[in-house]
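In: Model the structure of this input:
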Amino acid sequence: MQNSQPAEPPHPAADVTEHVGYRLKRAHAALRNAMDRALREHDLTVPQYSCLELLALQPDMSNAELARRAFVTRQSMNVVLRGLLDADLITRPTTADHGRARPARLTERGRRRLEDARSTVYAVERRMTEALPQSRLTALLDDLDHLAEALDG
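Out: This is a model prediction of the structure:
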């Protein structure tokens, strides 16, 4: 069913480029591009790096949990995990102890690669956050959390 009335924008805006969603997506795309470039020198993709960080924080996560926390599909996480396994950056049992979950862990090589890549990624984030006054960073982080929570349900 078509609505013949024009939709009212959620806030005053001259065009789509002034909407919050557009600006968030633009910032996300810029961050992703900068991280892609930075991680190339470490032979990692952004999802692979995210997976390594998550496993360093919480070893033995399942594919499904890693996918949720890295913001990719389970199918995409399967590809990420395969690449990390092939590079000997993680280990996973060949069979599941129970159910279908095969928890992943960092190898020593994975820990070293993560440490090497982390400083590069932190430099990207530093470049991004230095564009703001330090006094506004905490408020920005809180605001981003509020935006996500408003949409999560």
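In: For Val80, grab phi and psi.
Out: phi -60, psi -50 (degrees, to the nearest 10).
In: Renumber starting at 7 from here on
Out: Done: numbering now begins at 7, and the last item shifts to Val86.
In: Is the residue lying closest to it once chain neighbours are set aside part of a helix or strand, or is it coil?
Out: Closest residue to Val86 apart from its sequence neighbours, by CB to CB, 6 or more residues apart in numbering: Pro53 at 4.7 Å. Where you see a C-beta, it was placed from the backbone N, CA and C, and this is true even at glycine. Pro53 carries the three-state label helix when classified by DSSP: H, G, I helix; E, B strand; the rest coil.
In: what about the protein, any weak spots by pLDDT?
Out: The chain contains residues with pLDDT under 70 at 7-9, 101-106, 159.
In: can you give me the helices for it?
Out: With helices called from DSSP state H, the chain shows them at 26-46, 52-63, 69-76, 80-92, 114-135, 140-158.
In: mind listing what's buried in the last one?
Out: Of the residues in helix 140-158, none is buried by neighbour count under the rule 16 or more other CB atoms under 10 Å.
In: hmm, who's touching that helix?
Out: Helix 140-158 is contacted from outside by 26, 30, 135, 138, using CB atoms under 8 Å, 6 or more residues apart in numbering.
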